[in-house]
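A.B. asks: give me coordinates for this.
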Amino acid sequence: MTTSLDKDILTLPGHDVIDMELDMRDELKKAQSFISEIYTHATVFVPGKMDEKVLNDMIGHIHKMSLGEINEIDRYSSPIVSIKAFSDTKAITRLKNDQYAKIISSTGEELGVVGAPCTDLIALNNGHLVLIGYMEALVSLLNNNGDEIRSFDTKPLRPYRISKTENDDILVSLRDFDGDFTLQPTSRRVIQRMRLTGKVLHTYEFREDGKTRLFTLPTGIAENKNTDVCVVNRLASDRGELIALHKDGRVKFAYSGDRLLSKMFAPLDVACDEKCHIMITEWYSKGVHVLNSKGIYLCELCQFERFHPSELSLFGETLWCGYREGNIKVFQYRH
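C.D. replies: Coordinates of the predicted model:
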């Protein structure tokens, strides 16, 4: 089988080799009997001896991921629109019909309420909170007591979602007020990397040609451990994509779902782990797609048969997932 591959073409797009998958699995089993599970399609063929390093180059992922449910918090009647973990046992969450975010424990206990209304928020490493207000076009920094340290406006753009970087800068998705998916020549849909003072370090808006827009409606954002910026880009109410950008703004890849799972792909939120895996909540499969740092689909971490996962946050080995149906699940995540 291997002799039939063109030696001049060592890199193949994932879906071009789906038809070869069963044969490849047979070849791999013969070459290495200890391989019991493969979670993705081979995308690179390297002639020569089969060993673990070669297999990692070929399939990018040969170890197993697992989830163990710690608790389910089934107490809210409104969709979860934000959840941000700030310890193994605590997170901040906001419900769609509530302007004020709640501090909750992994056992479901409500520990407090954030003392200012917000659209989305994050907790910094020092315990301070950063809140964004969509209608107010405002970003506010609060101390541990809930007192405002400073605030700055983002006009004429409005902040929609926020996440933090490894060094406590912030990534903010911003948009004009021109409608969700309607783009006019003057429309602005951007991601900005900012200091907590409001200083803009980088604006992600166009592709390398300086003209083609990156986003229709950027929502969920996460900085990967390799500094890539991963953005959920909503293309319409029922479909979207995950765009990964290099830190300097160059497009690394765009992922529009795996056709073996579903013909439709509607991503909602994104999170990244310590090994640069990218996790995406997805409406149609009611699950979490897992990609490697190159954008190759690895596996579906889990499927939620009754609920639609929307919000995702990872702290250490604790994964928090908020659902459109109003419940929250807390998992132990191993990779």
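A.B. asks: CA atoms for contacts and neighbours, from now on please.
C.D. replies: Will do.
A.B. asks: mind giving me the domain split of this structure?
C.D. replies: As assigned by automatic domain parsing, the chain contains the domains 2-59, 66-334.
A.B. asks: tell me the most buried of those domains?
C.D. replies: domain 66-334 (a mean of 19; mean count of other CA atoms under 10 Å).
A.B. asks: and it, how far apart are its ends?
C.D. replies: Taking CA to CA, to the nearest Å, the first and last residues of domain 66-334 lie 5 Å apart.
A.B. asks: with stretch 230-248 instead?
C.D. replies: Start-to-end span of stretch 230-248 (CA to CA) is 13 Å.
A.B. asks: list of residues touching that stretch?
C.D. replies: 181, 202, 215-224, 227-229, 251-257, 264-270, 295 (CA atoms under 8 Å, 6 or more residues apart in numbering).
A.B. asks: let's see which of those residues end up in helices.
C.D. replies: Judged by DSSP state H, these include no members of helices.
A.B. asks: re the thing from before, in JSON lines: the domains of the chain, plus mean pLDDT.
C.D. replies: Converted to JSON lines, the domains of the chain look like this (pLDDT from 0 to 100):
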{"stretch": "domain 2-59", "mean pLDDT": "43"}
{"stretch": "domain 66-334", "mean pLDDT": "93"}
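A.B. asks: on the three-state scheme, residue 332 is what?
C.D. replies: For residue 332, the assignment made with DSSP: H, G, I helix; E, B strand; the rest coil gives strand.
A.B. asks: list the contacts of it.
C.D. replies: Counting by CA under 8 Å, 6+ apart, residue 332 touches 67, 68, 69, 70, 317, 318, 319.
A.B. asks: what's the closest of those to residue 173?
C.D. replies: Within these, the smallest distance to residue 173 is 22.8 Å, found for residue 319 (CA to CA).
A.B. asks: now that closest one: which helix or strand?
C.D. replies: strand 318-323 (DSSP states H and E).
A.B. asks: so what secondary structure elements neighbour that strand?
C.D. replies: strand 80-85, strand 309-315, strand 328-334 (3 or more CA pairs under 8 Å, 6 or more residues apart in numbering; DSSP states H and E).
A.B. asks: kindly calculate the angle that it makes with strand 328-334.
C.D. replies: Counting by axes from the mean of the first three to the mean of the last three CA atoms, to 10 degrees, strand 318-323 points 150 degrees away from the direction of strand 328-334.
A.B. asks: going forward can the numbers begin at 42, since that is how I track them
C.D. replies: Fine by me, first position is 42 from now on; the one you just mentioned is strand 359-364.
A.B. asks: and residue 355, how far from residue 147?
C.D. replies: Where residue 147 is concerned, residue 355 sits at a distance of 13 Å (CA to CA).
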